[in-house]
Structure formats: C-alpha cells, structure tokens
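[1] Quick one: sequence plus predicted model below, questions after.
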Amino acid sequence: MPIRRLPPQLVDQIAAGEVVERPASVVKELLENSLDAGARRVEIEVEQGGCALVRVRDDGAGIPPDELASALDRHATSKITSLDDLEQVVSLGFRGEALPSIASVSRLTLTSRLRDAAEGWRVQVEGGRIVAPEPAPSPPGTCVEVRDLFYNTPARRRFLRTDRTELGHVETMVRRIGLGRFDTTISLSAGRRSQLRLPAGQDEASRLRRLSAVCGETFVEHCLYIEREVEGLRLWGWLAQPSFSRAQADLQYVYLNGRALRDKLLSHAVRHGYRDVLYHGRQPAYVLFLDMDPARVDVNAHPAKTEVRFRDARRVHDFVFRSVEQALAETRPRGTGTAPGAAGAGELATTGLAAPPAFMSARPDQRGLSLGGPLPWALGAPAADLPAGGAAGAGVGQAGVADRAGGGALAAEAVACVAAEIPPLGFALAQLHGIYILAQNAEGLVLVDMHAAHERIVYERLKQAAASGGVQLQPLLVPESLAVSSAEATLAERHAPRLREMGLEVDRQGPERLVIRAVPAMLAGADAAQLVRDVLGDLGELGGSARIEQAQHALLGTMACHGSVRANRALTREEMNALLRDMEATERADQCNHGRPTWTVLPLRQLDNLFLRGR
C-alpha cells in the first residue's frame, strides 16, 4: 500500500493503546494529574469496574477556561516547556498524552474552576470532536468524567475482565499511588459504596495508619523504619522483618521523588540487601522512598513511566543495597526484650541504623535466683552439669516476682538486680528436648533455637574472616576457554581489573572468546564458565556484580550449618549464657542464614492470661 498519513482519530487511538490499557490506567493518569495540580483531596468514583464510569474530582489549582480545549490536544502540557525541563522532571505526568488518548476511546467531560474564579467551565469530547467550552457549576478544582471506555473500539473492550477484577486493578493502583502521598486525602468508591479512604497526615501515627490501610496491620507490626542520606541520595521508609517474608512480591513499593516505580535495578538492590536473612524462594516486603536530584535520573525511559534510567546506576544500586543491608544487620536482640516481629514500627523506628547497646557481662550464677536445687526439668542436660544450688536465671526486678513463684519458693531478698541490668535475652534456665534454650529476661520467658542461633553466629564470623583475608585466587591447572558474544568479550576486557578483585582472572583471546585462568580459591569446584557468564551479565545490566560474594556466602553458610551445635547436645548453663551473649552482639541474630527466626519471647502477661491468673 502507498504511504499515507493516518487520520488524527486513528493516531489518537494508537497512542491510547500505550496509555490506556484498562480502567486502572485511566485512574492512574487522572490521579497523577490531580496530584500535579497540587490537590489536597482527591475523590475517585467508578461504576462497573470503571468500564461505565471513572470520575476523578480534586481541589487542585484548576484550569483556565481558555486552556480547557488545549488540555485535550496531543502533547499539550503545562508541566514542561523545554528540553531542560525534560531532563529534570519533577511532576508525575509531563508528556501531555493522557487526556487526548483517553478521550479518543471514551466519552470524556472535563470541568474545572480556578480557585479565585466565580464560576467553572466545561468541555466535552464526543466522537473525537471537542465541543466548545461552556460555563458550568463547579467547586474549585477539576473534575474529569470518563464514560463508556472503549465504546468505539469493541475489540479492545472484549479483552477487559469482569467488573470485580477491573475494580481490583483500580483499587491496587489507587493504593500504590496513594501510599506515596501522605499529604493528600484520597478516597475511592464503587457504585456509591466506599472502597478505600486514605486520610492525609504527615505525623508518624498518620503515616502508620495509611501504611496499615494499604499493607495491612501485620506489616506494620513486623516492620522497622529506615532513614539514611549520603551525598545527595536519601532513602527512607519501612522494611518488613525477614520473618514477615511473602510467597509473592505483592508488598513491594518503591517511590522515586514521589513517583511509584517497578524498577528492576532498585528491586534488585533491595532484595540483595535481604540476601542473608530470607528463606529460600521467599519475597521481602517493604515501602521505600528514594529522593535524589531529578537531573540525575531519566523518567522518560518507559512508556508507562514505571522504570527509569539513572546516570550513575551503580552508585544508586550500592546506596540502596548498603542501606537495606545495614538496617537489617541490626535485627538482633535489643534492650527492649522484644522478640522479632512482636513490636510495632514505632518501637523499632530507632533500631534501623542505631549502634548496638552495651550489655552486662556478669556471670548469671552471681545474680540469679536460687530454686533450692538442681532443675529436674533441664531435659537436655544431665543434673551433673548444673552447679549446686541451682542458680537458674536472673530475677525480673519486679515487686510481684515472689508471689508469681507460688509463695515462698523464691526469696524476695534474692531479687538483687533491676530490669535495666538484665540483657535482652536474659539468663539461661534450662534446655528443652536438647533443641531449645529456655531463658528468663525482664519481660518473661525467652525461647531460643540453639542450632539456628549458633548457625548465625558462626556464619557471621566466617564472613568476617573471609572479608579480612580478601579474595584468594586459585589458578586453574588447565585454563578454560569460553565462547561469548563480542559485547561480553569487550565487557570482560574493560572490567578486567574489577574481575580480578573478585577473584576471576579472565583474558580476551579473540573477538568472541575468553580464557579463564583463575577463580576464587573458595569456589575452586564451581562451574567457572557459568560463574563468568553470570558476573558479566550483572556487570552489563547493573554496572557491578555480587555473584562471587553470593557464591562464597552460600559455601560459608553450608560450613556454618555443619559446624554449629546440633540438636540433643547437652549444654551447660555457662555455654547457654555464652550463646545468648553472642547472639546479642551478632548482626542479623534474629534469623539464621536460612531466614528462620532464632528466638521468641512469651511475656509474663501472656503467661498470666494462659493460666487465668488475676481473674
């Protein structure tokens, strides 16, 4: 066929295919326009999942009457005016395609009133034709009504799902965008029935309420707050503790300068930060905000603006990764005596990047409570391992402790220490079935999985030893030839010094051939070719690679597992207390390196409720 210019209506419908996938896409574009207009209240109404009606009303700045028709022209926008503006976009929308694209596949009405104007104005689009603006009653702000979506493109309408499914997509979109704007009240209703309401609020309590409304109360109970700023990069938000991992990546929210993203680089950085604390195959949960100079990121890199390009991708990746890793490294028993996941975000807010506290090191038998003899219920340890007198643990420093013991069995004068002197994990009482350590702290009864806890301690020490010694190279007896693409060969040649730092000695021997001469000594038995391919893939996509470190850590984790105390091994009380003190001084001690929790606590109030005490 000859080359012909497409009709304007067809051009708009083709563009609509990139912008409008389903009703949720319409809600996304209109909600972002409202936020860009400075709205502090946005009301969203939908009918039949948004297929029959999407109405978005805001109290933003409004649109002048003489600009209403222009707002429906393609590539007409007030958000950028030059290439310089495009290189440092601060608004959510900027291309000027949303309204004309939506109007080309629906019946659209745009009503707006300036804040200081006496009346509002309305413009309609019917069959691709813009009706002249006319006065209309309207509160200050803008209201956009989108009716009969895809009425003129029935083939695309047939690809929509049921009303309930489409409503679910709309609600998910509103939650995702709304979670990033604590300063704006956002509500969603379907058929006059309220579906979601997110009140505005900038204080901690208001933020946690919105977090709970979007992510659930359980997330809030298991999250810790993180905030870190380094050289123009600021990361803040909430990380779920590893014990709150998910089977799917359904609770992962990332925002860049307020824009909701699904960016591969940022997702990889966060997951990498969780590498040593997640159970295999599980997904972390988090809500994170990255703030940086908009000139250092290109947000015009993806049709849906959900992915971006960073000018210094490796620096951003390393900053996010290190921030998450450092916050999770502090998930160890703290001074509150609270078990992993048992405290709210407010209590954990100070632990994200805080320094570890100092702990008392006095011997437990010097400050314990005498039970009048050996503990017959120390099932994992023979009585001979328990010293005479049976000093089994520390007192809780509470006035009612003698009464709790059943009257007289515990001498009140033996309660010599106060709660502030008791370490977070307290002091050991006994072993249970040769698997668990029972200890008493200021809050109640502590249960520790001794193998999981010791495994984390050994693993962290092995990592420190490996890091202090650097990566040792193991020359291959017979160098291995590897066929690669020309791009991979060039990448290996350019990054040869960095590869050597990782423990890989790789030479280029042709346009599409490499020779592997050495590998890390710890990974001498690994598949060298696959290792090199994986590392080159990371270097090409992320500008860096942690494959070597990950492989080393996997090996160290295996060594730690086999070298840790096993079940049914009897421990003396001194050995148990030494393990508890090591846990308090070890990073990530709340979980073993497989992601399993290492300890929990049963508060006295919970035990009292269990036995109906005080009723």
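    Thanks, I have it.

[2] so residue 111 sits in a strand?
    Yes: counting by DSSP: H, G, I helix; E, B strand; the rest coil, residue 111 is found in a strand.

[3] ok, it touching residue 135?
    No: using C-beta atoms under 8 Å, residue 111 makes no contact with residue 135, being 10.2 Å away. To be clear about C-beta, it is placed using only N, CA and C from the backbone, and glycine gets the same treatment.

[4] More neighbours: those two, which one.
    residue 111 (23 against 12; other C-beta atoms under 10 Å).

[5] buried residues in stretch 475-495?
    Neighbour-count burial for stretch 475-495, counted by 16 or more other C-beta atoms under 10 Å, picks out 479, 482, 484, 488-489, 491-492, 495.

[6] ah, wrong one, I meant stretch 229-237
    Using 16+ other C-beta under 10 Å as the test for burial, stretch 229-237 gives 233, 235-237.

[7] and that stretch, average pLDDT?
    Averaging pLDDT along stretch 229-237 gives 96.

[8] so how far is that stretch off the chain centroid?
    Its chain's average C-alpha position is 15 Å from that of stretch 229-237, according to C-alpha atoms, centre = their mean, to the nearest Å.

[9] ok, now stretch 291-311?
    On the basis of C-alpha atoms, centre = their mean, stretch 291-311 sits 20 Å off its chain's mean C-alpha point.

[10] And for stretch 63-79?
    Taking C-alpha atoms, centre = their mean, one finds stretch 63-79 lying 38 Å from the centre of the chain it belongs to.

[11] try stretch 105-123
    Its chain's average C-alpha position is 39 Å from that of stretch 105-123, according to C-alpha atoms, centre = their mean.

[12] just stretch 585-597 next, same as before
    The chain centroid and the centroid of stretch 585-597 are separated by 18 Å under C-alpha atoms, centre = their mean.

[13] Same check on stretch 219-229?
    Mean C-alpha position of stretch 219-229 versus that of the full chain (C-alpha atoms, centre = their mean) differs by 9 Å.

[14] And for stretch 496-503?
    Distance, stretch centre to chain centre, for stretch 496-503: 31 Å (C-alpha atoms, centre = their mean).

[15] List of residues touching it?
    With contact meaning C-beta atoms under 8 Å, 6 or more residues apart in numbering, stretch 496-503 is reached by 471-473, 492, 505-507, 518-521, 523, 535, 539, 545, 547-548.

[16] Would you mind writing the CA trace of that stretch as CSV?
    Taking Å, rounded to 0.1, in the frame of the first residue of the first chain, the C-alpha atoms of stretch 496-503 are listed here in CSV:
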residue,chain,number,x,y,z
ALA,A,496,39.5,-7.0,33.8
PRO,A,497,40.8,-5.2,37.0
ARG,A,498,37.5,-5.4,38.7
LEU,A,499,37.1,-9.1,37.8
ARG,A,500,40.5,-9.8,39.3
GLU,A,501,39.4,-8.1,42.5
MET,A,502,36.5,-10.6,42.6
GLY,A,503,38.9,-13.5,42.2
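
[17] residues of that stretch that come out buried?
    499, 502-503.

[18] Likewise for stretch 290-299?
    Of the residues in stretch 290-299, 290, 292, 294, 297-299 count as buried by neighbour count, 16+ other C-beta under 10 Å.

[19] now do stretch 550-557
    551-553, 555-557.

[20] Narrow the contacts of stretch 496-503 to those that are buried.
    The neighbour count (16+ other C-beta under 10 Å) marks 471, 473, 492, 505-506, 518-520, 523, 535, 539, 545, 547-548 as buried among those.

[21] Can you pick out the most distant pair from these?
    Across the buried ones among the contacts of stretch 496-503, the longest distance by C-beta to C-beta is 18.6 Å; it joins 473 and 539.

[22] and the least confident of the buried residues of stretch 496-503?
    On pLDDT alone, residue 502 ranks lowest of those, at 77.

[23] Would you mind measuring from it to residue 496?
    Residue 502 sits 11 Å away from residue 496, going by C-beta to C-beta, to the nearest Å.

[24] and for residue 111 and residue 135, which residues touch both?
    Residues touching both residue 111 and residue 135 (C-beta under 8 Å, 6+ apart): 120-122.

[25] In contact with the closest residue to residue 94 other than its chain neighbours, which residues are there?
    Take residue 94 and drop its neighbours on the chain: the residue closest to it by C-beta to C-beta, 6 or more residues apart in numbering is residue 79, 4.5 Å away. Residues in contact with residue 79, defined by C-beta under 8 Å, 6+ apart, are 36, 85, 89, 91, 93-94, 96.

[26] what's the answer for residue 483, then?
    Neighbouring residues of residue 483 by C-beta under 8 Å, 6+ apart: 512-513.

[27] again, only this time at 10 Å
    Taking C-beta atoms under 10 Å, 6 or more residues apart in numbering, we find residue 483 in contact with 489, 510, 512-514, 529.

[28] what stretches of the stretch 451-600 of the chain score poorly on pLDDT?
    542, 555, 558-559, 562-563 (pLDDT under 70).

[29] mind listing the helices for it?
    For the stretch 451-600 of the chain, the helices defined by DSSP state H, counting those that start in this stretch occupy 486-494, 496-501, 528-542, 547-563, 573-584.

[30] Go through stretch 72-79 and flag the buried ones.
    Across stretch 72-79, burial judged by 16+ other C-beta under 10 Å covers 72, 77-79.

[31] I'm done for today, thanks for sticking with me.
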